[in-house]
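my questions concern the predicted model and sequence given below.
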Amino acid sequence: MEKRKSAFCGVTRVSNPLNPSEYSTWKDLVEATVQHSEIDPNQSSPATAKDYVKAECLIFQNIQRDSFSEEYERLKAGKPVSSTSRLLTLSPEFDDASQLIRVGGRLRRAEGLELQTIHPIVLDPHHSATKLLIQNYDSKLCHPGTERVFAEMRRNVWILRGREAIRKFQHNCIECRKWKAKAEVPKMADLPPARLRLHKPPFYSTGMDCFGPFQIKVGRRCEKRWGIIFKCLTTRCVHIELLTSIDTDSFLMSLRRFIARRGTPSELLSDQGTNFHGGERELREALTNCSPDLQQHLAKQKITFLFNPPSAPHFGGVWEREIRSIKTALRTVVGSQTVTEEVLQTVLIEIKGILNSKPLGYVSSNVADLDPVTPNLLLMGRPDSSLPQVMYPATELIGRRRWRQSQVLTDHFWSSFVRQYLPNLQLRQKWHAETKPITVGSVAMLVDPQLPRALWLIGKVVRTFPGADGHVRSVEINVKGRLYTRPVARLISLPEITDTK
């Protein structure tokens, strides 16, 4: 009988590493590694804590083999890393127990610290599994600042350029942007045509807004009154009227008084009343309800009625700043006392005279320089209402002389306006940088100063409204089936939500 040499025949099962990019969280990757690695094939009981620790070690090993393959083999063989290695300054060491590269460093004599704190595991910031680990720490710590996440991770792992990696992740994290991101305002636009109506009569292009309410005394009872300001967008002239109520009829009567005194404007600009707060909620709702009626009525008078986007007070900064001046003057003169309607109206008219006496542009301290141009120079023929009128002899033709004087004063106003004031409008005081334009389909969060940040709405942009320079200034956003028009300055762009396995 022939005797043959026996040979062993077996099957070796090699477990291929999982692809971390197919998983959305670190926990999912660890759970899949536990099930895939089959640390104990005969084990039928649920996985233990040791199994999860071993699974994380396997993931760290895969990261180091993919990112530091040359260093891994050299350190495993007991050789030092090359002088061009990224790990050179860390004095890396190979841990035979866990089969991982750890930081050698200079803290090995420190007492009372754990092994992973003195010798943390080295990881590459660009690996997809490292990004999942950063995401896990950021979520576990409730999305804090970069330094907080960085300090917590340094207790176990050492990510190359860790701060930069964490900062880059948080910039694209939806939850982090919800709590910390700011609205990106596009570059300041050029002045609109309404601000540059040169050689046109005052109040040709007029911005208007309401303010109040104010308490007045009527006998023994108190009533509310509101103010309305009409501001010439070119010459900066101001006109103030008092409203007894905030309905359509009261506004139209104030408009008729304005037209009778200042002439019919060509266009009226206004906001949509959504930037009022507190006690002005009634005013906001009333203006929103009467807007269609106002447009129809003003169209018959050949007046163009233009609305700024909602929640965009900076679109009407010209008249909003004057309202602030009016309120400051009222607080100084009237204070908290309740006055009669006649007193309130007198104070408002005096404030109007003060605002129209403000010089436009720089005021020189040299007596030899020309007097500054003021809105009153165009409205009244003199820089200030306190100056006396020009007296003419009885033998002169008053009509001809006054007509010539008005023409000279008008020419003097516009020549001084063009020379002294208009060049100052060239500067962009803020919003200098170009920003990434928001596009249709972008996800954005609506900034609402009246609500906590956690309650701000999130929607998708369905329409954009670019300005004359091509920059998108306002958009239409869909939030749960409702459409909102908002300026870009009131939106926070969020990263797109990608579906992962």
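Done, it's in.

how about the helices in the chain?
26-37, 49-67, 69-76, 115-118, 128-140, 146-153, 162-172, 174-180, 248-262, 281-300, 317-333, 341-356, 375-379, 398-416 (DSSP state H).

tell me, what residue is most central in this structure?
Ranked by distance to the mean C-alpha position of the chain (C-alpha atoms, centre = their mean), the top residue is A183 at 2.0 Å.

which residues are in contact with that residue?
V447, V488, A489, R490, L491, I492 (C-beta atoms under 8 Å, 6 or more residues apart in numbering). Any C-beta I mention is one placed from the backbone N, CA and C, and that applies to glycine too.

redo that, cut-off 6 Å
Applying C-beta atoms under 6 Å, 6 or more residues apart in numbering, we find A183 in contact with V447, A489, L491, I492.

how close does the closest residue in space to the first one that isn't next to it in sequence sit to D448?
Taking C-beta to C-beta, 6 or more residues apart in numbering as the measure, V447 lies nearest to R490, with 4.5 Å between them; neighbours along the chain are not counted. Counting by C-beta to C-beta, to the nearest Å, the separation of R490 from D448 is 8 Å.

one more: G470?
28 Å.

higher neighbour count, the two?
D448 (14 against 8; other C-beta atoms under 10 Å).

ok, back up a step: surely the residue nearest to V447 meets P309?
No. Contact criterion C-beta atoms under 6 Å: R490 and P309 do not qualify, at 8.6 Å.

local confidence estimate at the closest residue in space to S493 that isn't next to it in sequence?
Distances taken as C-beta to C-beta, 6+ apart place A444 nearest to S493, at 5.4 Å, with adjacent residues excluded. Looking at A444, its pLDDT stands at 92.

which one's more surrounded, R490 and P309?
Neighbours per residue, other C-beta under 10 Å: of R490 and P309, the larger number sits with R490, 24 against 21.

which pLDDT value belongs to the more buried one?
The model reports R490 with a pLDDT of 89.

so, low pLDDT: which residues of the stretch 1-150 of the chain?
By pLDDT under 70, the weakly predicted segments of the stretch 1-150 of the chain are 1-17, 37-45.

one more: the stretch 351-500 of the chain?
Using pLDDT under 70, the flagged stretches of the stretch 351-500 of the chain are 362-371, 382-410, 412, 497-500.

please enumerate the strands of it.
443-446, 458-466, 472-479, 482-487, 491-494 (DSSP state E, counting those that start in this stretch).

among those strands, which is nearest R331?
Nearest of the strands of the stretch 351-500 of the chain to R331, taken as C-beta to C-beta: strand 482-487 at 29.1 Å.

show me what the closest one is packed up against.
If you count contacts as 3 or more C-beta pairs under 6 Å, 6 or more residues apart in numbering; DSSP states H and E, strand 482-487 packs onto strand 472-479.

now do the strand it packs on: which elements does it pack against?
By 3+ C-beta pairs under 6 Å, 6+ apart, strand 472-479 packs against strand 458-466, strand 482-487.

can you check what angle separates that strand from strand 458-466?
Calculated by axes from the mean of the first three to the mean of the last three C-alpha atoms, to 10 degrees, strand 472-479 forms an angle of 150 degrees with strand 458-466.

low-confidence ranges in the stretch 201-350 of the chain?
Within the stretch 201-350 of the chain, the ranges that satisfy pLDDT under 70 run 273-302.

for P192, phi and psi?
phi -70, psi 160 (degrees, to the nearest 10).
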